[in-house]
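Novice: Have a look at this fold, sequence not included:
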Ligand SMILES: NC(=O)C1=CN([C@@H]2O[C@H](COP(=O)(O)OP(=O)(O)OC[C@H]3O[C@@H](n4cnc5c(N)ncnc54)[C@H](OP(=O)(O)O)[C@@H]3O)[C@@H](O)[C@H]2O)C=CC1
Ligand SMILES: CC(C)CCC[C@@H](C)[C@H]1CC[C@H]2C3=CC=C4C[C@@H](O)CC[C@]4(C)[C@H]3CC[C@]12C
């Protein structure tokens with residue numbers, strides 16, 4: 001890819017929606033006119049959502065209550081009702097909630113509390129002390145460019161080797177997690193709520209970058225979606241990357257492995273479905289750690305603020321809800337034909353390949369400043385200008401070729417195929433097992449809309465040009 005230099009003194013706000021230098025000159029004249037219209041705009045992206053009514057804001061805060069209730073329902077259904085949410089609701093209607101909670105509800109135990117405290121501390125130590133290459137994230141609305149140390153893969157390997165070694169030496173029961181699930185679930189919730197509260201108070205009392213805070217005007221919404229963008233302890237301990245990328249994600253594969261052991265201890269055989277789901281989960285989690293620097297350029301790190309959504313979400317929702325398939329299979333074996341398993345597993349692998357290829361294209365283009373090949377050809381992109389609140393002007397590349405010319409979120413299509421496969425492999429109609437794909441579909445469709453709003457506020461006319469060139473949000477011809 002030839003480098004496209006825009007000399008500020010000649011065309012201070014020009015953009016290029018181009019593949020080559022030839023096209024660049026033509027489009028930049030048009031784009032510079034467009035750019036002048038955005039450059040004078042107030043910086044609104046990543047800022048207060050002052051256009052929202054309080055009723056709307058309150059409505060969007062309801063997951064603070066709904067998500068823990070959903071997690072509790074799934075816990076109860078697995079603990080006492082054959083993994084059936086319908087049986088659970090029938091029991092609650094018949095006997096009342098309190099007796100159901102009394103018989104099957106989570107319990108705070110000292111052992112589980114100690115295990116969760118140890119787990120969080122152990123992951124914090126690995127996060128802080130393990131070596132790894134440094135990478136910078138995306139520029140924040142206030143203009144900060146933060147550095148992160150990428151040592152997640154090492155942390156994942158050390159944790160799993162330690163777990164296997166402790167089990168091998170008979171110092172730990174490999175089925176420790178499902179056997180202590182009622183206590184662990186309660187302790188994870190306490191930790192998740194506790195960390196969310198700490199994040200909320202820290203945002204007022206000791207903010208890391210006060211100019212990057214976002215206030216909605218509704219305390220509950222601020223607690224839910226977060227105030228600080230990148231809260232840190234000291235200069236280097238990034239609370240968001242630690243929470244999102246360590247205790248929850250590493251627990252995901254550990255919970256799966258422990259459920260395989262539990263299934264084996266109870267039934268004296270292994271389940272092909274359980275192994276295949278664990279392999280898909282393992283690929284997904286390992287992919288995250290192998291490509292950790294890519295994660296710095298995703299919505300979670302670059303745009304989402306740090307509150308209950310991420311803190312409780314990663315400490316409780318991920319280990320308890322993202323593992324529902326293996327928890328179910330650990331307790332209730334199912335059977336499926338080899339042809340079915342091979343077909344569904346192949347769909348999962350195809351979904352993963354799409355997910356990785358799309359994410360990789362964007363990452364390579366952004367990291368190389370556009371000097372990358374996409375599907376064997378020089379990348380096509382829009383050089384989109386935006387302003388930070390300090391008044392400085394910056395630019396980002398919006399890729400428009402390869403998968404990113406096919407739809408604006410082809411990576412979500414791959415993820416949805418993979419999620420479908422993770423659920424279908426269990427071979428049951430139990431709603432609880434299918435919850436993951438339903439959640440992912442809602443989350444990713446909502447993300448498409450959210451990202452659009454934010455892209456428009458950040459890039460203005462450049463975003464409009466991008467949407468004109470790549471009209472489909474998710475699936476060409478459908479949406
Ligand atoms: N398992 C799970 O629970 C979930 C998994 N995921 C997966 O995580 C991955 C990351 O998801 P997510 O962060 O939502 O989305 P993306 O990785 O697609 O990142 C979106 C950001 O990329 C930038 N961007 C948008 N369009 C372009 C473009 N054409 N060229 C270059 N940059 C662009 C924008 O940021 P900027 O401001 O920098 O321009 C935008 O905010 C996805 O693969 C998704 O499937 C996502 C959610 C949940
Ligand atoms: C409170 C709840 C209703 C919602 C909590 C949601 C969060 C726990 C999740 C939202 C986005 C999720 C993720 C995004 C991208 C990821 C990359 C992928 O490669 C691995 C998984 C993940 C880190 C994933 C983890 C959970 C979320 C943060």
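Specialist: Okay, I see it. For clarity, every value in this text was computed on a predicted model and none was experimentally measured. Numbering: from 1, shown residues only. Ligands and ions are numbered 1, 2, ... in the order given.

Novice: Quick check: closest non-adjacent residue to residue 466.
Specialist: Nearest residue to residue 466 in three dimensions, chain neighbours excluded: residue 398, at 4.7 Å (CB to CB, 6 or more residues apart in numbering). In this view, the C-beta of every residue, glycine as well, is placed from N, C-alpha and C.

Novice: Do whichever helix or strand the one you found is part of and ligand 1 come into contact?
Specialist: Here residue 398, judged by DSSP states H and E, is contained in strand 393-399. Yes. On the criterion CB under 6 Å from any ligand atom, strand 393-399 is in touch with ligand 1 at 396-399.

Novice: Would you mind listing what in this structure touches ligand 2?
Specialist: Within the chain, the positions adjacent to ligand 2 are 63, 67, 244, 288, 300, 309-310, 312-314, 317-318 by CB under 6 Å from any ligand atom.

Novice: Most neighbours out of those residues, which is it?
Specialist: residue 312 (28 neighbours; other CB atoms under 10 Å).

Novice: The nearest residue to residue 247 once chain neighbours are set aside and residue 199, how far apart?
Specialist: Distance criterion CB to CB, 6+ apart; nearest residue to residue 247, sequence neighbours excluded, is residue 123 at 4.7 Å. Going from residue 123 to residue 199 by CB to CB, to the nearest Å gives 17 Å.

Novice: Wait, residue 148 touches residue 239, no?
Specialist: No. Assessed by CB atoms under 8 Å, residue 148 is found out of contact with residue 239, at 11.9 Å.

Novice: What is the burial count for residue 299?
Specialist: Neighbour tally, residue 299, other CB under 10 Å: 11.

Novice: Let me see the contact set for it.
Specialist: 447, 450-451 (CB atoms under 8 Å, 6 or more residues apart in numbering).

Novice: Put the buried members of the residues you listed into a ChimeraX selection.
Specialist: The buried residues among those can be selected in ChimeraX (16 or more other CB atoms under 10 Å) with this line:
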select :451
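
Novice: ok, so of the contacts of residue 299, who is nearest residue 217?
Specialist: The nearest member of the contacts of residue 299 to residue 217, counting by CB to CB, is residue 450 at 18.6 Å.

Novice: Give me the phi and psi for the closest one.
Specialist: With angles defined as degrees, to the nearest 10, residue 450 sits at phi -60, psi -40.

Novice: Return the residues in contact with it.
Specialist: Counting by CB under 8 Å, 6+ apart, residue 450 touches residue 299.

Novice: If you count neighbours, what's buried in stretch 222-242?
Specialist: For stretch 222-242, burial by neighbour count (16+ other CB under 10 Å) applies to 222-232, 238-242.

Novice: Could you report the neighbour count for residue 360?
Specialist: With other CB under 10 Å as criterion, residue 360 counts 17.

Novice: Ramachandran angles for it?
Specialist: Here is the backbone geometry of residue 360 (degrees, to the nearest 10): phi -70, psi -40.

Novice: do you know how far it is from residue 308?
Specialist: For residue 360, the distance to residue 308 equals 31 Å [CB to CB].

Novice: Is residue 107 in a helix, a strand, or coil?
Specialist: Of the three states, residue 107 takes coil under DSSP: H, G, I helix; E, B strand; the rest coil.

Novice: The spatially closest residue to it that is not a sequence neighbour: what secondary structure?
Specialist: Nearest residue to residue 107 in three dimensions, chain neighbours excluded: residue 182, at 5.1 Å (CB to CB, 6+ apart). Following three-state DSSP, residue 182 is assigned to helix.

Novice: mind listing what residue 182 touches?
Specialist: By CB under 8 Å, 6+ apart, the contact list for residue 182 reads 75, 79, 105-107, 109, 112.

Novice: Now do the contacts for residue 479.
Specialist: Neighbouring residues of residue 479 by CB under 8 Å, 6+ apart: 472-473.

Novice: Moving C-terminal from the helix or strand where residue 293 lies, which element do we reach first?
Specialist: Using DSSP H and E, residue 293 maps to helix 292-295. Sequence order places helix 299-302 as the next helix or strand after helix 292-295, per DSSP H and E.
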